[in-house]
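**Q** Predicted structure and sequence below. I'll ask about it afterward.
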Amino acid sequence: MQKWLEKKDNLTLGKLLKEVENQTPLSTEILKSCYSNESKAHIVGITGPPGAGKSTLVSKLCKAFATQGLKIAVVCVDPTSPFTNGALLGDRIRMQELAKLPNVFIKSLATRGNLGGLAASTADVVQVFGAFDMDLILIETVGVGQIEFDVLEVSDTVILVNVPGLGDSLQTLKAGIMEIADVFVINQADRPGADESVKDLRLMVRESGRKDWDLPILKTVATRDEGIKELVEQIFNHKSFLLRSGSWKEKRQTRNMTRLNHMILQLLTTKVDELTQTDEYIKSQIQDVRSGNIDPFTVSHEIVNQLVSK
């Protein structure tokens, strides 16, 4: 495994990512080998409602960073069809021109039913990218609005993208998603209502009372490269702030604990599945729950107690 990591070429990276995404028996060993608390990668999550132009913005950002000689990974998370489990959007197709850049690696992931805006394997994929000495990892989330908070758990910097004429989106922001953002972007700012949207956001920022970081609100027209330079500058500014304030280290510590908790829950779920499929007594109890002959509270405690006793 260590020999694979020493190669650090795109072919090896692609193979490792495939193993990790599919959660093969080899994936755990890969993640153990890739684990490092000293990854230099700046992880930038880009979120916002569908139709805000996130993919175009990510593409333009990636080009801008690539010209500075940075080694970049792009993680595009696509929504999944409930019928085929296939990805509904083609970010990989839309970003074909980025694939031509030697210092850019693109990975497309499907949510596979995960409701937090990210695929379940996103954190694992980010970890592998970190082991391959990426300078910057851009994560484009699905774009599902109010439930899109998973990006906070894996990102150093969160960019919230919206469009002019916020309307109901203002309610989404008030519902909590605004609290996770470090940079606000009004994309497609050549449309009517851009200035009003900026004013609304500034008012909301003032009301939020956040004082640790001066939240920037930018206007972009990604299709014309307008505002991209300013956005790149603010991303660098936020990284400097994180390093200066100690938040860079704190975020990684919090991320480590979050992943530990997720992994414990995942392992417990696997063990519960094994028990419910192999233990005849538990199987009969579950059938009684299904028939309404016994309450699920009693049986759930029995299952947990069996796991603990083992």
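**A** Received, thanks. Residues are numbered from 1 along each chain as shown.
**Q** tell me the SS of Ile106?
**A** Recorded secondary structure, Ile106: strand (DSSP: H, G, I helix; E, B strand; the rest coil).
**Q** ok, it touching Lys100?
**A** No. Applying CB atoms under 8 Å, one finds Ile106 not in contact with Lys100, separated by 10.6 Å. Yep, even glycine has a C-beta here, placed from its N, CA and C like the rest.
**Q** Tell me which of these two has more neighbours.
**A** Under the neighbour definition other CB atoms under 10 Å, Ile106 and Lys100 were set side by side, and Ile106 has more, 20 against 7.
**Q** Gly45 belongs to a strand, doesn't it?
**A** Yes. Counting by three-state DSSP, Gly45 falls inside a strand.
**Q** That one bridge partners, please.
**A** Ile139, Val158 (DSSP bridges).
**Q** what's the pLDDT at it?
**A** In this model, Gly45 is scored at 92, pLDDT.
**Q** ok, now which ones touch it?
**A** 139, 141, 151-152, 154-155, 157-159 (CB atoms under 8 Å, 6 or more residues apart in numbering).
**Q** could you redo the last one with a cut-off of 7 Å?
**A** Going by CB atoms under 7 Å, 6 or more residues apart in numbering, Gly45 touches 139, 141, 151, 154-155, 158-159.
**Q** what's the burial count for Arg244?
**A** Counted with other CB under 10 Å, the neighbours of Arg244 add up to 9.
**Q** Counting neighbours, which bits of the helix ranked longest in the chain end up buried?
**A** Ordering each helix of the chain by length in residues (DSSP state H) puts helix 247-278 first. Judged by neighbour count (16 or more other CB atoms under 10 Å), helix 247-278 contains these buried residues: 247, 251, 255, 259, 272, 275.
**Q** first to last residue in stretch 288-298, what's the distance?
**A** 11 Å (CA to CA, to the nearest Å).
**Q** Let's verify the residue nearest the centre of the chain: helix, strand, or coil?
**A** Central residue of the chain (CA atoms, centre = their mean): Val151, 3.9 Å from the mean position. When classified by three-state DSSP, Val151 comes out as helix.
**Q** I'd like the distance between it and Leu160.
**A** 10 Å (CB to CB, to the nearest Å).
**Q** Identify the contacts common to those two.
**A** Thr47.
**Q** what are the ranges of the helices in the stretch 51-200 of the chain?
**A** Remark: helices assigned in the stretch 51-200 of the chain by DSSP state H, counting those that start in this stretch are 54-66, 91-94, 96-99, 122-131, 150-154, 169-174, 194-208.
**Q** where does the protein have low pLDDT?
**A** 1-5, 36-38, 78-97, 110-120, 142-149, 166-178 (pLDDT under 70).
**Q** How far off centre is stretch 255-268?
**A** 16 Å (CA atoms, centre = their mean, to the nearest Å).
**Q** do stretch 231-245 as well
**A** Counting by CA atoms, centre = their mean, stretch 231-245 comes out at 19 Å from the chain centroid.
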